[in-house]
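Q: below: sequence and its predicted model.
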2 protein chains.
Amino acid sequence: MREVTSKIRVIVAEDQGMVLGALAALLETEPDIAVCGKAANGREALTAIAKQKPDVLVTDIEMPEMTGLTLAAEVRDRHPQTRVVILTTFARPGYLRRALDAGAKGYLLKDRPAAELAEAVRRVHRGLRVVDPDLAAEAWDSGPDPLTERERQILWRAGEGKASLEIAEELRLSEGTVRNYLSEAISKLGAANRVDAARIARAKGWL
Amino acid sequence: MREVTSKIRVIVAEDQGMVLGALAALLETEPDIAVCGKAANGREALTAIAKQKPDVLVTDIEMPEMTGLTLAAEVRDRHPQTRVVILTTFARPGYLRRALDAGAKGYLLKDRPAAELAEAVRRVHRGLRVVDPDLAAEAWDSGPDPLTERERQILWRAGEGKASLEIAEELRLSEGTVRNYLSEAISKLGAANRVDAARIARAKGWL
DNA sequence: AATCGCACATGACAGATGTCATCACCAACT
DNA sequence: AGTTGGTGATGACATCTGTCATGTGCGATT
């Protein structure tokens, strides 16, 4: 008869305190999982990981101070024994691609059934991957991010409602240059205008 | 010695399945609280409430089919014995105002510490209110929603990146009329342009 | 009856946006 | 050396946006 193995030790990172506590409570109901740390941002998570050496990190993407994607890359580099599961609201192929590039082994959406979280933790602990097949296919189909870094910076600001002149001053460019970049981004994304382009880019995870 | 009272019976409504399960797990760790139902949208919640007659409903705002605000008003009208706690991501004074108008007894933000959820459930069960004082003050200071219904409909679309002509066709108005409405909304909100106006209105909970 | 606010409209005009052509510089690649 | 792509620029022009004036109709209020 095989020996009873110890529990899977998990750290959870999530900037909304109540969701953080709730996710920890959810995982703690599993007999084979133990939550050994909670973090409210990426920086706290790194500190906790260095101290606790968990088997798995479950992290959101959009957090202050350090995004979950940056955190995943740091964990891959500094703590390769800790496997990372991204848990996010956003079904964005660009986010998925960047998550996998950053070394994440799982990418789970918050709108999935609750039981899938523990199952994902078990699977990545065993060395398997957990990615929604539909989202993976969409990431494949949508191709790579067509925006250059400058276009992204400018489009982001335009999507926030900033005028071309305002963006130009902020980035120390001429207004004509900003308009050229915006026009290029609008064309690449097949959008009607700058706001539409920003919306499309966000939906794809490119912004 | 006072008699041990029964547990507070709670239903949770939240469209993200994993967060729903996690919140239920969190509440179930409290010895004096029992989760007697979970719902993925407002309609399911109403059905569950009719059947279970819970003491408290904890609900998100942005859900498909029926928002938490509409749900709260329905619960006030049809099940006055069930007290409502709104649990949301958005610190928007307009949402708070509408929540209280709809009969909610609590308005809690998801970025608060996890322990506050159970405490809020206990307090509203006792007939007390739970509202963040800073948010209440902000709701008071920002005054009522200055937008007319038509302005709101048009501003929402403009904020999505739609052109004036497109909005005009969609709402069967002339383009000039749409521009007039937009100009009025921009002016009322002290915004620089339509995107800025939509952002401000969203932050206030008016959109 | 008079007034007010909202909904809806037309028209004129100034400023912003988006497109397009054209150009220079630089780093990376063939 | 030649090519490619990114960055940055100017200028011209068509279209869109936002403002403003002015107007009508309707329901609610005074």
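A: Sure, I can see it. Numbers count the residues shown, from 1 in each chain, chains lettered A, B, ... in the order given.

Q: wait, isn't A:Lys53 in contact with A:Thr82?
A: Yes: between A:Lys53 and A:Thr82 there is a contact under CB atoms under 8 Å: 7.1 Å. For the C-beta atoms, the positions are set from N, CA and C on the backbone; glycine is no exception.

Q: ends of stretch A:30-41, what's the gap?
A: 24 Å (CA to CA, to the nearest Å).

Q: contacts for it, please.
A: The contact list for stretch A:30-41 (CB atoms under 8 Å, 6 or more residues apart in numbering or on different chains) reads A:7-15, A:17, A:20-21, A:24, A:27-28, A:45, A:47-49, A:51-52, A:54, A:63-66, A:118, A:121-122.

Q: among those, which ones are buried?
A: A:8-15, A:17, A:20-21, A:24, A:27, A:45, A:48-49, A:54, A:63, A:66, A:118, A:121-122 (16 or more other CB atoms under 10 Å in any protein chain shown).

Q: hmm, A:Gln81 is touching A:Lys53, no?
A: Yes: contact criterion CB under 8 Å: A:Gln81 and A:Lys53 qualify, at 6.8 Å.

Q: please say which of the two ends up with more neighbours.
A: A:Lys53 (13 against 9; other CB atoms under 10 Å in any protein chain shown).

Q: could you measure the more buried one against chain B, distance?
A: 24 Å (CB to the nearest CB, to the nearest Å).

Q: chain A: helices as residue ranges?
A: Listed in chain order, the helices of chain A (DSSP state H) span A:17-28, A:42-52, A:68-78, A:93-101, A:115-125, A:133-141, A:149-159, A:164-171, A:175-189, A:194-204.

Q: want to throw these into JSON lines with distance to B:Arg92?
A: Shown next, in JSON lines, are these (distance: least, CB to CB, whole Å):
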{"stretch": "helix A:17-28", "distance to B:Arg92": "17"}
{"stretch": "helix A:42-52", "distance to B:Arg92": "26"}
{"stretch": "helix A:68-78", "distance to B:Arg92": "25"}
{"stretch": "helix A:93-101", "distance to B:Arg92": "25"}
{"stretch": "helix A:115-125", "distance to B:Arg92": "29"}
{"stretch": "helix A:133-141", "distance to B:Arg92": "30"}
{"stretch": "helix A:149-159", "distance to B:Arg92": "20"}
{"stretch": "helix A:164-171", "distance to B:Arg92": "25"}
{"stretch": "helix A:175-189", "distance to B:Arg92": "29"}
{"stretch": "helix A:194-204", "distance to B:Arg92": "20"}
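
Q: B:Leu165 is nearest to which of these?
A: helix A:194-204 (13.7 Å; CB to CB).

Q: angle of that closest one against helix A:93-101?
A: 40 degrees (axes from the mean of the first three to the mean of the last three CA atoms, to 10 degrees).

Q: is any part of helix A:194-204 close to chain B?
A: Yes: judged by CB under 8 Å from any CB of the partner chain, helix A:194-204 and chain B are in contact via A:Arg194, A:Val195, A:Asp196, A:Ala197, A:Ala198, A:Arg199.

Q: hang on, A:Glu14 packs against A:Leu20?
A: Yes: counting by CB under 8 Å, A:Glu14 does reach A:Leu20; the two are 4.1 Å apart.

Q: what's in contact with the one helix or strand in chain A whose mean pLDDT sits lowest?
A: The helix or strand of chain A with the lowest confidence, counting by mean pLDDT, DSSP states H and E, is helix A:133-141 at a mean of 86. Outside helix A:133-141, the residues that touch it by CB under 8 Å, 6+ apart are A:Ala91, A:Pro93, A:Gly94, A:Leu96, A:Arg97, A:Tyr107, A:Leu109.
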